[in-house]
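Visitor: Fold the following, please.
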Amino acid sequence: FGLGGTVTAGIVSARGRDIGSGPYDDFLQTDASSNRGNSGGPMFNMHGEVIGINTAIFSPSGGTRYIAFNTTIKPFDNLNLRKAIIAASDRDALRLTRGGETLGDIASGWIPPGIPGFEEAGGLTQNTDLDFLANPSGDATVARKYMDAAQAEGLPIKDGKWVGTEQFLVVATNADPGKKTAEAFQGQMEKLGFKLNFKIVPQDTLYTKFCGVPSAKVAICPNVGWFKDFSDPQAMLDAVFNGKNILQQGNVNWPQLNVPAINDAMVKAGPIPVGTDRNKAWAAINKQIAEQAPAIPWLWDKTALVN
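Guide: So this is what the prediction gives:
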């Protein structure tokens, strides 16, 4: 990085790490300096003995994995119901389906680590002042509060549980670890009383025939995520939450969120030059999106860069 005076201690801080790279995961974790292109080279101890082979560098990927509600389909057009489901969700359990904390931090918003605006949005605690996003393991009391509010608005809810008879279409990938994530979410929804029409499809079909096609009327897409093309907060938010970007084919605004105040804020923030003001503007939009509860953000990915 062109920095002088950098020091690492070569500490082995963990053994037997599983980084989700295949069936032979059993890695040493060390802070010894390693760069792209070092893979295949030996790692020595202080006695000159080879103790491992350099394989991967873990770094933030600039991406958020989330479970998207279709905000145009009843009952998921109800804001209180969406908040209730998010409050009840165990995002840590969802993260475990991909390997746990090694794979990334639990997400609470839409600007991930490594992207400008992340700190302005609140860093790792962004949006946790919203009670339905405060507890990554779920909060039954908060969930009940919002279920009761949704009941008062006429939804079929009793004693904090959904009692409607309709089955809601959920389309998930047929490949692990995404399939495991979707199944964990299915279990969490069933605890709230929801009946799901759980459809498993190949990953490409997931987008080309279902989640990316509004006319397919998919209620929930549990395997979506958005990753940076370049390091800018607009790249993380505009395509996936601007109502003006909803397409009839190849749609990536999976919640089909279309809130005029958010759309207008994005138009105003777009031309702001790179720097603090731009970061603050997009951080404020990140908060507006979170307040709409369009999805369950559950993982800010870290990627094993294998080279």
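Visitor: contacts and neighbour counts: CA atoms only from here.
Guide: Will do.
Visitor: Which parts of the stretch 101-250 of the chain are strands?
Guide: Applying DSSP state E, counting those that start in this stretch to the stretch 101-250 of the chain gives strands spanning 104-105, 157-158, 161-162, 167-173, 195-201, 220-227.
Visitor: Adding mean pLDDT and mean neighbour count as columns, could you present those in CSV?
Guide: Shown next, in CSV, are the strands of the stretch 101-250 of the chain (pLDDT from 0 to 100; neighbours: other CA atoms under 10 Å):
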stretch, mean pLDDT, mean neighbour count
strand 104-105, 94, 22
strand 157-158, 98, 16
strand 161-162, 98, 19
strand 167-173, 98, 21
strand 195-201, 97, 16
strand 220-227, 96, 21
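Visitor: Could you export those strands to a markdown table, including columns for distance to Val213?
Guide: Below are the strands of the stretch 101-250 of the chain laid out as a markdown table (distance: least, CA to CA, whole Å):
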| stretch | distance to Val213 |
| --- | --- |
| strand 104-105 | 29 |
| strand 157-158 | 30 |
| strand 161-162 | 27 |
| strand 167-173 | 12 |
| strand 195-201 | 14 |
| strand 220-227 | 11 |
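Visitor: and of those, who's closest to Cys211?
Guide: Across the strands of the stretch 101-250 of the chain, Cys211 has its closest neighbour in strand 220-227 (6.2 Å, CA to CA).
Visitor: ok, residues contacting that closest one?
Guide: With contact meaning CA atoms under 8 Å, 6 or more residues apart in numbering, strand 220-227 is reached by 61-70, 168-173, 178, 181-182, 185, 211, 236, 240, 254.
Visitor: Buried members of the residues you listed into PyMOL, please.
Guide: Per 16 or more other CA atoms under 10 Å, the buried members of the contacts of strand 220-227 correspond to this PyMOL selection:
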select buried, resi 61+62+63+64+65+66+67+68+69+70+168+169+170+171+172+173+178+181+182+185+211+236+240+254
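Visitor: Just the ones in helices from the contacts of strand 220-227, please.
Guide: Among these, DSSP state H puts Gly178, Thr181, Ala182, Phe185, Met236, Val240 in helices.
Visitor: which two of those lie the greatest distance from each other?
Guide: Phe185 and Met236, at 23.9 Å, using CA to CA across the ones in helices among the contacts of strand 220-227.
Visitor: And the spatially most central residue of the chain, how far from Arg91?
Guide: Most central in the chain under CA atoms, centre = their mean is Arg65, positioned 2.5 Å from the mean C-alpha point. According to CA to CA, to the nearest Å, Arg65 and Arg91 sit 11 Å apart.
Visitor: joint contacts of the two?
Guide: Shared contacts of Arg65 and Arg91, counting by CA under 8 Å, 6+ apart, come down to Pro297, Trp298, Leu299.
Visitor: doesn't the second one fall inside a strand?
Guide: Same thing as Trp298. Yes - under DSSP: H, G, I helix; E, B strand; the rest coil, Trp298 falls within a strand.
Visitor: residue contacts, it?
Guide: Thr64, Arg65, Tyr66, Ile67, Arg91, Asp92, Leu94, Arg95, Ile106, Ala107, Ser108.
Visitor: got a pLDDT number for it?
Guide: Note on Trp298: pLDDT of 98.
Visitor: Now do the contacts for the closest residue to it other than its chain neighbours.
Guide: Leaving aside its chain neighbours, Trp298 sits nearest to Ala107 (4.7 Å; criterion: CA to CA, 6 or more residues apart in numbering). Residues near Ala107 by CA under 8 Å, 6+ apart: Thr64, Arg65, Leu124, Pro297, Trp298, Leu299, Trp300.
Visitor: Kindly report the same for Ala281.
Guide: Ala269.
Visitor: ditto for the one 3 residues further on
Guide: When the contact criterion is CA under 8 Å, 6+ apart, the partners of Ala284 are Ala121.
Visitor: I'd like the contacts of Ala107 laid out as JSON lines, including distance to Leu133.
Guide: As requested, these are exported to JSON lines (distance: CA to CA, whole Å):
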{"residue": "Thr64", "distance to Leu133": "15"}
{"residue": "Arg65", "distance to Leu133": "15"}
{"residue": "Leu124", "distance to Leu133": "12"}
{"residue": "Pro297", "distance to Leu133": "9"}
{"residue": "Trp298", "distance to Leu133": "10"}
{"residue": "Leu299", "distance to Leu133": "13"}
{"residue": "Trp300", "distance to Leu133": "15"}
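Visitor: Most widely separated two among those residues?
Guide: Across the contacts of Ala107 (CA to CA), the longest gap, 14.7 Å, separates Arg65 and Leu124.
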